[in-house]
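Chemist: the sequence and its predicted three-dimensional model are supplied below.
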Amino acid sequence: VQLVESGGGLVQPGGSLRLSCAASGFTFSRYHMSWYRQAPGKERELVATIRSAGGSTNYADSVKGRFTISRDNAKNTVYLQMNSLKPEDTAVYYCYAYSTVLGNNYWGQGTRVTVSS
């Protein structure tokens, strides 16, 4: 099983980034997918989730209206479009897959996002 994030980097405040997470080794379409983030000195927090069936989404209040999570089951990939980035969005962003039916969950290795002028 692999979850490989990409797309992180340095961006100025107000800018945009799109993170990608490519999945392999499990039946991607059956898993809910989430993005978490962990800022220096802080606990890991849930950013957004997209369900396996129907694709309903949930967001942390801090990113609502700025971030959009989406998935492409044909490509086994989940995305996080991040707009209007703020310095407080600086963190390592992690991809997370879980199945409440199968009882499995997997983490990616993370991709760093730095928002700074």
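Modeler: Here it is on my side, so go on.

Chemist: list the contacts for the residue nearest the centre of the chain?
Modeler: Centroid-nearest residue in the chain, with C-alpha atoms, centre = their mean: residue 35, separated by 2.7 Å. By C-beta atoms under 8 Å, 6 or more residues apart in numbering, the contact list for residue 35 reads 19, 21, 46-49, 69, 78, 80, 93-96. Bear in mind the C-beta positions are built from the backbone N, C-alpha and C, glycine included.

Chemist: what do you get if the cut-off is 6 Å, keeping everything else the same?
Modeler: 47-48, 80, 93 (C-beta atoms under 6 Å, 6 or more residues apart in numbering).

Chemist: for the residues you listed, give me CSV that also has secondary structure and neighbour count.
Modeler: Putting these into CSV (DSSP: H, G, I helix; E, B strand; the rest coil; neighbours: other C-beta atoms under 10 Å) gives the following:
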residue, secondary structure, neighbour count
47, strand, 24
48, strand, 22
80, strand, 27
93, strand, 23
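
Chemist: name the nearest of those relative to residue 62.
Modeler: The nearest member of the contacts of residue 35 to residue 62, counting by C-beta to C-beta, is residue 47 at 8.3 Å.

Chemist: out of the contacts of residue 35, what pair is the most spread apart?
Modeler: Across those (C-beta to C-beta), the longest gap, 10.2 Å, separates 48 and 93.

Chemist: residues contacting stretch 44-52, please?
Modeler: For stretch 44-52, contacts defined as C-beta under 6 Å, 6+ apart pick out 30-38, 57-60, 63, 67, 69, 71.

Chemist: buried set for that stretch?
Modeler: Buried positions in stretch 44-52, judged by neighbour count with 16 or more other C-beta atoms under 10 Å: 47-50, 52.
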